[in-house]
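Chemist: Could you work out the structure for the sequence below:
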Amino acid sequence: MSTLPPLVEPASELTPEEIERYSRHLIIPDIGVPGQKRLKNAKVLVIGAGGLGSPALLYLAAAGVGTLGIVDFDVVDESNLQRQIIHGVADVGRTKAQSAKESVHAINPLVDVRLHEVQLDSNNSLEIFADYDLILDGTDNFATRYLVNDTAVLLGKPYVWGSIYRFDGQVSVFWEDAPGGHGVNYRDLYPEAPPPGMVPSCAEGGVLGVLCASIGSTMVNEAIKLITGVGRTLLGRLLIFDALEITWREVAIRRDPEREPITELIDYAAFCGVVSDDALTAAADSTISVGDLKVRLDAREAGADDFVLVDVREPHEYEIVQIPGSVLIPKGDIVSGAALATLPDKPLVLHCKSGARSAEALAALKKAGFKDAVHVAGGILAWVTTIEPDKPSY
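Modeler: Next comes the predicted model:
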């Protein structure tokens, strides 16, 4: 695809301070004063001040984007600091949006930072997006990705999308109404969300911290090209990075002629599903709290209860922290049936990190006839928070 026209009209002028600050941009012929004026006039919304949002916000600010919006309702915790470089130790417990705003202003006080400390949903996304020229989506769940896509389509706005998992990253540009009739959107890449539990989140599978910088900076590169109208963007192309092999490869994205037009926003949590319908049904009357589990573990210790506590996480997670008296049987071995023959003829209590995987394992056990099985709501995260706060979380 040829170069797209500039997304933003130039500001009227650059001040002497701005000329000095952005001088290394101004001497690039392709950007120059006109391009820097466009950056100054641009309004960019970043969804998430986390792994991808951190480098993206810092580089957008340094590049001189005049207005930055930040959507994030989460707070900083210690597990964020391995990759979310916009936050520091002193920010633990603070809202990510406030922490990010201070870091942006520490780099460039000329940037107007607007905070949206809300959970993005179908009720507020259209209003929030409306004031911005361009969206950067660095979220880590499919429900929000589809919400961002559909909102951008309805408003005719382009957005840059990034994704990371372990050692792999992906970047693309989506713009349904792109000039020239070459527009694509996220549903051309992923027509449907993957089945619940099929794709683990970064919180479950982990991510190499420095990968965030590679993908986040590439997203900003695309944003600058869109704003200034230079270079060939990733519209219609998916860029895939393998940090272990240090290779980039490209896959073409084409508009699906059979795709239904997007005419409204929907319930994206229901559309994607955090857990399957089978898991929801299985857990409906077979869920206990961590407080209930503590009571049962104490009773088992006293000989008044007899059950097996099954940890369905992965071995590397089990090494980080465990609930006393648990045995490790990964969810995959239960769902596939490989572990069923090894399970004792006793009541089973399942737990995972947060409750989603144990609900899926519970559904498999119920289908296999283990009627006395239950799972623990909130998983080991709830256990550490409520029962053993001295233990590490992750």
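
Chemist: from here on, contacts and neighbour counts on C-alpha atoms
Modeler: Will do.

Chemist: need the contact list for the nearest residue to residue 32 once chain neighbours are set aside.
Modeler: Once flanking residues are discounted, residue 32 sits nearest to residue 26: 3.9 Å by CA to CA, 6 or more residues apart in numbering. Neighbour list for residue 26: 19, 32, 33, 36 [criterion: CA atoms under 8 Å, 6 or more residues apart in numbering].

Chemist: Can you check those and name whichever has the most neighbours?
Modeler: residue 36 (28 neighbours; other CA atoms under 10 Å).

Chemist: surely that residue meets residue 62?
Modeler: No: counting by CA atoms under 8 Å, residue 36 sits too far from residue 62 to count as a contact (11.7 Å).

Chemist: I'd like the contacts of residue 26 laid out as a markdown table, including pLDDT, distance to residue 71 and secondary structure.
Modeler: Listed next are the contacts of residue 26 as a markdown table, based on pLDDT from 0 to 100; distance: CA to CA, whole Å; DSSP: H, G, I helix; E, B strand; the rest coil:
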| residue | pLDDT | distance to residue 71 | secondary structure |
| --- | --- | --- | --- |
| 19 | 98 | 30 | helix |
| 32 | 97 | 31 | helix |
| 33 | 98 | 30 | helix |
| 36 | 98 | 25 | helix |
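
Chemist: out of these, who's nearest residue 7?
Modeler: Comparing these against residue 7 with CA to CA places residue 36 closest, at 12.8 Å.

Chemist: can you tell me which helix in the protein is longest?
Modeler: helix 211-228 (DSSP state H).

Chemist: Any chance you could list what contacts stretch 211-219?
Modeler: 51-56, 59, 83, 136, 160-164, 167-172, 243.

Chemist: Which residue ranges of the stretch 201-350 of the chain form strands?
Modeler: Using DSSP state E, counting those that start in this stretch, the strands assigned to the stretch 201-350 of the chain run over residues 237-242, 247-252, 287-288, 308-311, 326-328, 348-351.

Chemist: Remind me what the shortest one packs against, helices and strands.
Modeler: I take that to be strand 287-288. If you count contacts as 3 or more CA pairs under 8 Å, 6 or more residues apart in numbering; DSSP states H and E, strand 287-288 packs onto strand 374-376.

Chemist: average model confidence for the helix or strand that comes right after the strand it packs on?
Modeler: Later in the chain than strand 374-376, the nearest helix or strand by DSSP states H and E is helix 379-386. For helix 379-386, mean pLDDT is 94.

Chemist: Would you mind listing the buried residues in helix 379-386?
Modeler: Neighbour-count burial for helix 379-386 flags 379, 380, 381, 382, 383, 384 (criterion: 16 or more other CA atoms under 10 Å).

Chemist: Could you do stretch 93-111 as well?
Modeler: 95-101, 103-105, 108, 110-111.

Chemist: Farthest pair within the residues you listed?
Modeler: Longest span within the buried residues of stretch 93-111, CA to CA: 95 and 110, 22.1 Å.

Chemist: still on that earlier bit, of all the buried residues of helix 379-386, which two lie farthest apart?
Modeler: Maximum distance among the buried residues of helix 379-386 (CA to CA): 9.0 Å, for 379 and 384.

Chemist: quick revisit: can you tell me which of the contacts of stretch 211-219 are in helices?
Modeler: Using DSSP H, the contacts of stretch 211-219 in helices are 53, 54, 55, 56, 59.

Chemist: Can I have the buried ones of those residues as a PyMOL selection?
Modeler: Only the buried entries of the ones in helices among the contacts of stretch 211-219 go into this PyMOL selection, using 16+ other CA under 10 Å:
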select buried, resi 53+54+55+56+59
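
Chemist: wait, which of the ones in helices among the contacts of stretch 211-219 is closest to residue 150?
Modeler: Distances from residue 150 to the ones in helices among the contacts of stretch 211-219, taken by CA to CA, are shortest for residue 53, at 20.1 Å.

Chemist: Among the buried residues of stretch 93-111, which ones are in helices?
Modeler: Per DSSP H, these map to helices at 96, 97, 98, 99, 100, 101, 103, 104, 105.

Chemist: Tell me the spacing between the second one and residue 62.
Modeler: Going from residue 97 to residue 62 by CA to CA, to the nearest Å gives 18 Å.

Chemist: Check the fourth one too.
Modeler: If you measure residue 99 against residue 62 using CA to CA, the figure is 17 Å.

Chemist: And the third one, by the same measure?
Modeler: Noted for residue 98: a distance of 18 Å to residue 62, by CA to CA.

Chemist: got JSON lines for the buried residues of helix 379-386, with distance to residue 210 too?
Modeler: Formatted as JSON lines, the buried residues of helix 379-386 follow (distance: CA to CA, whole Å):
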{"residue": "379", "distance to residue 210": "28"}
{"residue": "380", "distance to residue 210": "27"}
{"residue": "381", "distance to residue 210": "25"}
{"residue": "382", "distance to residue 210": "29"}
{"residue": "383", "distance to residue 210": "30"}
{"residue": "384", "distance to residue 210": "28"}
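
Chemist: tell me which of these is nearest to residue 79?
Modeler: Nearest to residue 79 out of the buried residues of helix 379-386 is residue 381 (CA to CA; 12.6 Å).

Chemist: Surely the closest one touches residue 355?
Modeler: No: using CA under 8 Å, residue 381 is not in contact with residue 355; the gap is 9.0 Å.

Chemist: what's near enough to touch the residue nearest to residue 117 when sequence neighbours are not counted?
Modeler: Closest residue to residue 117 apart from its sequence neighbours, by CA to CA, 6+ apart: residue 73 at 4.5 Å. By CA under 8 Å, 6+ apart, the contact list for residue 73 reads 95, 96, 97, 116, 117, 118, 119.

Chemist: repeat for residue 242
Modeler: Each residue near residue 242 by CA under 8 Å, 6+ apart is listed here: 167, 168, 169, 248.

Chemist: And the longest helix of the chain, what's buried?
Modeler: Of the residues in helix 211-228, 211-228 count as buried by neighbour count, 16+ other CA under 10 Å.
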